[in-house]
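Return atomic coordinates for the entry below.
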Amino acid sequence: MLKTAILATLLAAGNAAFATGPEKVTTVIFVNAAEEESSPSAGLSDEGRDQTRSFTEACRHIDVAAIYTIYVNKAVQTVTPLSELRQLQPVYYWVTKDQETRDCVLDCIVRQNRGKTIVICGNPENIPAMARSLGVRAKTVRTLYDKGSGQFLIVRVLGNNTAVAQKLNMNIQKKV
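Below you'll find the predicted structure:
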C-alpha cells in the first residue's frame with residue numbers, strides 16, 4: 001500500500017512539475033523481468049511471483065496506456081497480471097544489441113504513446129541502455145543492472161528529449 005502511494009505521488013507530482021506549456025510528458029515505467037526458478041522453463045520463483053504482485057499493486061491506480069515486453073517467459077509472466085488488470089494485450093518487442101535499431105524501436109514506442117504512461121518489461125542488461133537512449137544519465141541507471149530482478153525505473157520524457165528518472169525496488173515491503 002505504501003509503495004502504491006509513493007509511486008502514484010511520484011507520477012502525479014512529476015507530471016505536474018514537468019507539464020509546462022504544450023509539451024506532453026510521456027512516462028515510461030521500465031521493469032526488470034521478475035526472478036525465475038533455476039530452470040527458465042519452470043517459471044517464476046516464489047520471490048518472482050511476489051515481485052510481480054508488488055509491481056501490479058504499485059501500478060493499480062496508474063492509467064497505463066500500453067504494456068510492452070520482450071518475448072521471454074519470465075518477462076511475459078511479470079506483466080501478465082498488470083495486463084489482465086488493465087485489460088491490455090501486451091505488445092512484444094525485440095531487443096537487439098545494435099544501438100541504432102534499439103533506439104529506433106524505443107523512439108517509435110515513445111512517439112506512439114506521447115503524453116501517456118507505458119510499461120516496458122525486459123532484462124536488466126537491456127533496460128539501462130534503453131533508459132540512456134531516452135536521455136537518462138548513466139549513473140542513474142547503472143545500479144539497475146547490478147541489482148537484477150525486482151527493480152523498476154520510472155522515466156518521464158519531455159518533448160524536448162529531456163528525461164528524469166526515479167528508481168524503485170519491488171521488494172520495499174519485503175516480508176520478514
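
Pull the number of nearby residues for the residue lying closest to Arg86 once chain neighbours are set aside.
Using CB to CB, 6 or more residues apart in numbering and skipping residues adjacent in sequence, the residue nearest Arg86 is Val64, 5.3 Å away. The C-beta positions use only the backbone N, C-alpha and C, and glycine is treated the same way. Number of residues near Val64 (other CB atoms under 10 Å) recorded here: 19.

What about the residue positioned nearest the centre of the chain? Give its phi and psi, please.
In the chain, the residue lying closest to the centroid (CA atoms, centre = their mean) is Phe30, at 1.8 Å. Main-chain torsions, Phe30, degrees, to the nearest 10: phi -90, psi 130.

list the contacts for it?
Residues in contact with Phe30 (CB atoms under 8 Å, 6 or more residues apart in numbering) are 120-122, 127, 130-131, 144, 152-155.

make it 7 Å
Shown in contact with Phe30 (CB atoms under 7 Å, 6 or more residues apart in numbering): 120, 127, 130-131, 152-153, 155.

rewinding a little: let's see the pLDDT reported for the residue nearest to Arg86.
Note on Val64: pLDDT of 97.

Contact partners for it?
Here Val64 is in contact with 82, 86, 88, 117-119 (CB under 7 Å, 6+ apart).

between these, which is nearest Glu47?
Minimum distance to Glu47 across these is 17.8 Å, recorded for Leu82 (CB to CB).

does the nearest residue to the closest one once chain neighbours are set aside sit in a helix or strand, and which one?
Ranked by CB to CB, 6+ apart and with sequence neighbours excluded, the top spatial neighbour of Leu82 is Thr56, at 4.8 Å. In the assignment (DSSP states H and E), Thr56 maps to helix 46-58.

starting at the chain centroid, how far to that helix?
Averaging C-alpha positions (CA atoms, centre = their mean, to the nearest Å) puts helix 46-58 13 Å from its chain's average.

Lys116 versus Ala33, what's the distance?
22 Å (CB to CB, to the nearest Å).
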